[in-house]
Each structure stands twice: as structure tokens, then as C-alpha cells.
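Fold the following for me, if possible:
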Amino acid sequence: MSQHPQHPREKALTVNLDNSRYGSFAEIGAGQEVVRWFFQAGGAAGTIAKSISAYDMAVSDAIYGKCARYVCRERLESMLGYEYDLTLERLAVSRGESTAFFSFANTVSARNYQGTNECHGWLGVRFQAEPGAEASEIIIHVRMLDNENAMQQDALGLVGVNLVYGACYLSDDPDRLVQSLLDGLSVDRLEVDMVDFSGAAFEQVDNRIMSLRLVQLGLSGAAMFSAGGQVLQPSEHLRKKSVLVERGRFRPVTHVNIDMLESALKNMETELGTEPGEIVAIMEMTLHNLNAGGEVDLDDFVSRAEVLEAAGHTVLITDYPEYHRLASYLNRNTQGHIGFAMGAQSLLDLFDESYYQKLPGGLLEGFGRLFKNKVKLHIYPFRDTATGKLLKADNLEVAERLHHLYHYLLDNGYLAQLDQFNEDYLDIFSPEVLKQIGSGQSGWEHKVPAVVADRIRRKKLFGHP
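Below you'll find the predicted structure:
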């Protein structure tokens, strides 16, 4: 189809009038908002084999099995698997040669009467790209931002129709499919913070790039994927956990980056009395650090993702260049402690007042937002190349008018000096390593972890010849 409709009724009608599309709808919470569009558009008998709302928890458990949480990916996947298999079992023999079957499901928590709950939902569609094809699947997670329950239900219906239509007609263009998810909506009403493509139709899709696209397109302020490249839903992955974040360019990740994170992690574990592995450690990249001349170089992005994967770290992509905005985002997704691992030079940059020009309260407002909830900065030393002096949290020189603020933060435990570090790594600078890799010079291999060097050589990353 060269021209794709934008209005949900037109999208639903297009699917209804397509004799090759047939499937089921299962929706938990917030009513039957998606299937309603297909019923109201006309011709629904041509598309809807079944519609169900297993609203009661006991009824839902009886159909899909027990689940610790009802609005989670696990529940959505059990719904999709059950409904899709049942559709094929009942209909494949009679009409399988001419029908591409699908099952749509969602499990949603819209605004409750008291307005005290998290308003979010999981939506997915398992489908055949063409009759007889192996199954493909698209799963998304959304945050509903409207203040009224009825408006949230309306937004849910729109994004659900967009998802079903996209699965039917845009599976060969995942980028366009992602862009179409908010047709008829705006980012003020709904946020899509996770999308996961899998199955036969998406074998060539890199979900890390699709995560990046969510942030680029403004559908979400952040997206996350694991060391293995699997997309993660931030609030589910971080829920009730303490988090440590290191921000960087990672072009490439070097011994300094790893040592900084590991040193901060040990420090944080000691302070909180937690066991190794209990704190979620994350490498974070901002769009600002990914942009080159105003555009994101996808090959460069994939190179960075590859070396972080080789190093075994979870990756967060954000559109939050300011630390206080990143802290607010993390606070929204966890009730645990939050730590930032950063070099002493980066700490000095935080005290640059021009950094806070967009805030009415300037630097003080920025710091108030940053340290609002259990946030601590773990400071890794920086060697001054001119003097050879180690700059640490206890000897940094900020502007004289900011001395009292700096020492207030230091004396009250908002800043922590990292004393366990490898001094041999302090002379490693990523731009120099990147230049060596691209020019074919030797010696860079000793400045990065062995697994990272191996990945760079094997996959010819960062212009390696």
C-alpha cells in the first residue's frame, strides 16, 4: 500500500475489509478499547474471530496461568501465546491457506479512582506476515500521561489500532511502523519506552537501533537494552533496585570506563551493605553524545553498542543531557538509591553555571533536582596532563562563590571520592584510542578490555582496517 491511512477508524476499516487478515483480541484492564475501533469501523466480521476481556484476576489466572503481576510482560506473553495457538488450532485447517492469522493482546493499568496508581500498559501482536508464515511478534510498553481515565482509555485504543495496522501492513518497514505508533496521538499523551521485534518477519531487525529510534523520534525520553542486545523495559528492570550509572561516549569503552564503574560499584555496595550483583550497573549514552553534525551515525552507534555488549553492560540511551533530568527519570523508575560514577573533570563541569541557563533557579535549582532523592556522585580521579596532579573530590577548585555549596555537598555525603582505582589507567583517553584504531596503529589493544579488542577486530568496528 503506497498510501497509509492516519485515522484509527480508517486503519481499522482497512484491516476489516482485508479478507486475508483474521484474528483475536484479548484485553485486560481499561476496557475493550482496541477492539472497539474494529467493531465500530464496520465489517468487523471479516477480521474478529474472538474478543475477550478476562478482567477478574481469578478468571485471568484460569485462562492464562498465575502471574506475580498482572500488568507485566510475562502476562502479556502468556496471553499472546495462548490466544494465537488457540486461533490456529481452531481455524488453520478450515482457512489457513488464505488467511494470515493474528492475535492482539494488552494488559493495562489506567488511572484508578483515587489517582494513586502507575498508569502504564503492555501491548503486543503475534501474527503471520502472510498465510502460512511462521509467527512474528511486536511487543511495546506504554506510559499513559493523560490525567483522566477516559482519556487514557482513548489513547490506549489509538495506539492499539496503530500497532495492529502496523503489523498487517508495515512489517517490512519497522522504522515506519515505529513512527506510526503515535498516529492520532502526541508525546504529551502517551510514551512508548520499549519496542521489541521478533520472529520470522524481523530476522534482520536490530532492536538496539529500534530502541535508539524511540528516543530519536521523541516517543520516549529513554530506552534500555541488555548486554545481550535484548530490549528492556526500564521500570520493570529497575523496579525497587538501586542503580549506578556511568555516562560516556564509549568510543570505544576503555579500561578507564570499566575501572570507574567497578570502583564506584564496590563503593556503593559497601555503603549500602548489598551483595555483589544486587545493584544494577548501567552505561548511559545521550543523543547529544551520539549526534555527529546533527545526525546519529548508526554504524558508529552499533559499534558502541557492540563494545558495551562485549564488556557485559546494560545500556541506557536517553535524551537527557542534564544530569538532573536523568536523575529525575531514574527516580521515576525505582525507589532504590541512585549513584553516578563520574570523573573529577565531569564534576567540575557540573559546577558550570551556564549549564543551567534554562532553569529559572539556575544552578541551585539544578542541584536541588539532582540530589532530591537518594542520589550520590562517586568521583573517579583525573590526572592533569599539564601538572601531573591527581584531581579528586577533596581538592577540586570551583568558582570562589560556589565554595560553600561544594563543601556542603562534600561534607554531607553527596559526593564520594573513589580511592580504589588503577592509576595506570588514568593516562588512557578514548579519542586517542579511537584515532589509533582507525589509522591501523598498534598499541590500542592494551588500553581496552581483551574482549572489547577482540570484538573490534572481528567486526571491524570504529573503522578498524
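
Show me what Thr314 is bridged to.
Ile282 (DSSP bridges).

Please report how far it lies from Ile437.
For Thr314, the distance to Ile437 equals 24 Å [CB to CB, to the nearest Å]. Quick note: C-beta positions are derived from backbone N, CA and C, even for glycine.

for the protein, which spans come out with low pLDDT?
Along the chain, the parts satisfying pLDDT under 70 run over 1-2, 292-294.

any idea which element the most centrally placed residue in the chain lies in?
Taking CA atoms, centre = their mean, the centroid of the chain lies closest to Ala223, which sits 1.8 Å from it. Using DSSP states H and E, Ala223 falls within strand 222-225.

And the contacts of that strand?
Applying CB atoms under 8 Å, 6 or more residues apart in numbering, the external contacts of strand 222-225 come out as 193-194, 207-208, 211-212, 214-215, 231-234, 237, 282, 305, 314-320, 329.

In helices, which of the residues you listed fall?
Within these, residues falling in helices by DSSP state H are Asn207, Arg208, Ser211, Leu212, Leu214, Val215, Pro234, His237, Ala305, Tyr329.

Now restrict the residues you listed to buried residues only.
Buried by 16 or more other CB atoms under 10 Å: Asn207, Arg208, Ser211, Leu212, Leu214, Val215, Pro234, His237, Ala305, Tyr329, out of the ones in helices among the contacts of strand 222-225.

where exactly do the strands run in the stretch 1-150 of the chain?
Secondary structure of the stretch 1-150 of the chain (DSSP state E, counting those that start in this stretch): strands located at 21-28, 48-52, 100-109, 120-128, 135-144.

need the contact list for Glu134.
Gln128, Gly199, Ala200.

Going by neighbour count, which of the residues you listed comes out on top?
Neighbour counts for the contacts of Glu134 peak at Gln128, which has 25 neighbours (criterion: other CB atoms under 10 Å).

so what's that one up against?
For Gln128, the contacting residues are Ala100, Phe101, Phe102, Glu134, Ala135, Ser136, by CB under 8 Å, 6+ apart.

Export the residues you listed to TSV and append columns for distance to Asn412.
Output for the contacts of Gln128, formatted as TSV (distance: CB to CB, whole Å):
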residue	distance to Asn412
Ala100	62
Phe101	61
Phe102	57
Glu134	59
Ala135	55
Ser136	53
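
Now the buried members of those.
Buried among those (16+ other CB under 10 Å): Ala100, Phe101, Phe102, Ala135, Ser136.

quick check, nearest of those to His288?
Among those, Ser136 lies closest to His288 (CB to CB), at 34.2 Å.

The closest residue to that closest one other than its chain neighbours and Ser354, how far apart?
Nearest in space to Ser136, with sequence neighbours left out and distances taken as CB to CB, 6 or more residues apart in numbering, is Gly199 at 3.3 Å. With distances taken as CB to CB, Gly199 is found 49 Å from Ser354.

what's the neighbour count on Gln230?
For Gln230, using other CB under 10 Å, the count is 13.

Got phi/psi on it?
Here is the backbone geometry of Gln230 (degrees, to the nearest 10): phi -80, psi 140.

and if you look at Asn412?
Torsion angles, degrees, to the nearest 10, at Asn412: phi -100, psi 10.

what about it, distance to Leu348?
Using CB to CB, Asn412 is found at 19 Å from Leu348.

ditto for Leu214
32 Å.

Could you do Ser78 as well?
According to CB to CB, Ser78 and Leu348 sit 51 Å apart.

the more surrounded of those two?
Legend: neighbour count by other CB under 10 Å for Ser78 and Leu348, higher for Ser78 (19 against 16).

Which residue is the nearest non-sequential neighbour of Leu156?
Nearest residue to Leu156, sequence neighbours excluded (CB to CB, 6+ apart): Glu33, at 4.8 Å.

would you list the strands of the stretch 1-150 of the chain in CSV and tack on distance to Asp454?
Formatted as CSV, the strands of the stretch 1-150 of the chain follow (distance: least, CB to CB, whole Å):
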stretch, distance to Asp454
strand 21-28, 45
strand 48-52, 50
strand 100-109, 41
strand 120-128, 36
strand 135-144, 32
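
closest to Gly443 out of these?
Smallest distance to Gly443 across these (CB to CB): 44.1 Å, for strand 135-144.

In its sheet, which strands sit next to that closest one, and in what direction?
Here strand 135-144 has these sheet partners by DSSP bridges: strand 120-128 (antiparallel), strand 190-199 (antiparallel).

Let me have these in TSV, adding distance to Gln441 as columns.
Formatted as TSV, those follow (distance: least, CB to CB, whole Å):
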stretch	distance to Gln441
strand 120-128	48
strand 190-199	39
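
OK, contacts around Phe202?
Per CB under 8 Å, 6+ apart, neighbours of Phe202: Ser136, Ser171, Pro174.

So which bits of the longest helix along the chain are buried?
Ranked by residue count and defined by DSSP H, the top helix of the chain is helix 73-95. By 16+ other CB under 10 Å, the buried positions in helix 73-95 come out as 73-84, 86-87, 91.

Gln230: what's it in contact with?
Residues in contact with Gln230 (CB under 8 Å, 6+ apart) are Asp196, Asn207.

For Val205, give its distance to Glu77.
Val205 is 18 Å from Glu77, where distance means CB to CB.

Hmm, I typed the wrong one, I wanted Asp427.
Note on Asp427: its distance to Glu77, by CB to CB, is 48 Å.

In stretch 238-256, which residues are buried?
Quick answer for stretch 238-256 (16+ other CB under 10 Å): 238, 242-256.

I'd assumed Arg111 was in contact with Ala30.
No - in this structure Ala30 lies outside contact range of Arg111 using CB atoms under 8 Å: 9.3 Å.

quick one: common contacting residues for these two?
Residues touching both Ala30 and Arg111 comprise Asn149, Gln152, with contact defined as CB under 8 Å, 6+ apart.

Which of these two has more residues huddled nearby?
Ala30 (26 against 20).

how about that one, what does it touch?
Listed by CB under 8 Å, 6+ apart, the contact set of Ala30 reads Asn106, Val108, Ser109, Ala110, Gly121, Asn149, Gln152, Gln153, Leu156.

residue contacts, the last one?
Neighbour list for Leu156: Ala30, Glu33, Val34, Asn106, Val108, Ala110, Gly121, Leu123, Val142, Met144 [criterion: CB under 8 Å, 6+ apart].

now with 6 Å?
Ala30, Glu33, Val108 (CB atoms under 6 Å, 6 or more residues apart in numbering).

in the stretch 301-450 of the chain, which spans are strands?
Assigned by DSSP E, counting those that start in this stretch, the strands in the stretch 301-450 of the chain fall at 314-318, 338-343, 375-380, 382-383, 390-391, 415-417.

okay if I get the ones you listed as a markdown table plus distance to Gly277 and mean neighbour count?
Output for those, formatted as a markdown table (distance: least, CB to CB, whole Å; neighbours: other CB atoms under 10 Å):
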| stretch | distance to Gly277 | mean neighbour count |
| --- | --- | --- |
| strand 314-318 | 13 | 25 |
| strand 338-343 | 15 | 24 |
| strand 375-380 | 18 | 23 |
| strand 382-383 | 29 | 18 |
| strand 390-391 | 31 | 16 |
| strand 415-417 | 21 | 18 |
